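Q: Can you look at this prediction? I've put the sequence above it.
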Amino acid sequence: MEQKVQSLASLGTRNLTVYLDEVSLKDGSISKRICIDHPQAAAIVPFISDNEIIMVRQYRYALKRETLEIPAGKIDKGEDPEGCIKRELLEETGFEAKVIKWLYTYAPAIGYSNELVHLYVGRDLKKMEKKINDNEISSLEILTLEGVLGMIRNHEIVDSKTIIALAFIRPLI
């Protein structure tokens, strides 16, 4: 097991902190590791009908392009994953889900981050009088599951939370 010897440097933002740590390995040698202390996140596959889901298109700075994804967001301090996804679904789509079911929790980058992403399915959606945050969301798209799976196969959708959630949902429908 690796043991932290010391933190050599850190860079913090409002949402995360990146550490460059010196670690002792099993054989006693010293190495360096990068660790990102990242908040957890939640994401939801919102079913507008039995075979159609709502997806969001948004610009992702790190990729320098828009992506098509299921609604998601980081969990705020003091918030639980289900509360987060209810808030994010409303903020990003203007919908509420009467039924929310946990699907899976995964670690997207275990080599350098402690982030966990909690995946949910939402059904019985109701449109609310809520303005969508257009600083974050470019557009909403209602797509069939088959259409989304085809977009994944064609590498049009590259977002891991979307791909993982749909991989779990496909056998369930």
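A: Good, I have the coordinates. Note that the coordinates shown come from a computational prediction; the quantities given were computed from them, not determined experimentally.
Q: separation between residue 154 and residue 41?
A: Applying CB to CB, to the nearest Å, the value for residue 154 to residue 41 is 26 Å. For the C-beta atoms, the positions are set from N, CA and C on the backbone; glycine is no exception.
Q: more neighbours, those two?
A: Using other CB atoms under 10 Å, the more surrounded residue of residue 154 and residue 41 is residue 41, with 20 against 8.
Q: Now the phi/psi pair for the more buried one, please.
A: Torsion angles at residue 41 (phi, psi; degrees, to the nearest 10) stand at phi -140, psi 170.
Q: got it, and residue 79?
A: phi -100, psi 140.
Q: Without its sequence neighbours, what residue ends up closest to it?
A: Spatial nearest neighbour of residue 79, excluding adjacent residues (CB to CB, 6 or more residues apart in numbering): residue 87 at 7.6 Å.
Q: Kindly confirm my reading that the one you found is in a helix.
A: Yes: judged by DSSP: H, G, I helix; E, B strand; the rest coil, residue 87 forms part of a helix.
Q: And the pLDDT at it?
A: pLDDT recorded at residue 87 is 96.
Q: next one: the one 5 residues further on
A: Residue-level confidence at residue 92 comes out at 95, pLDDT.
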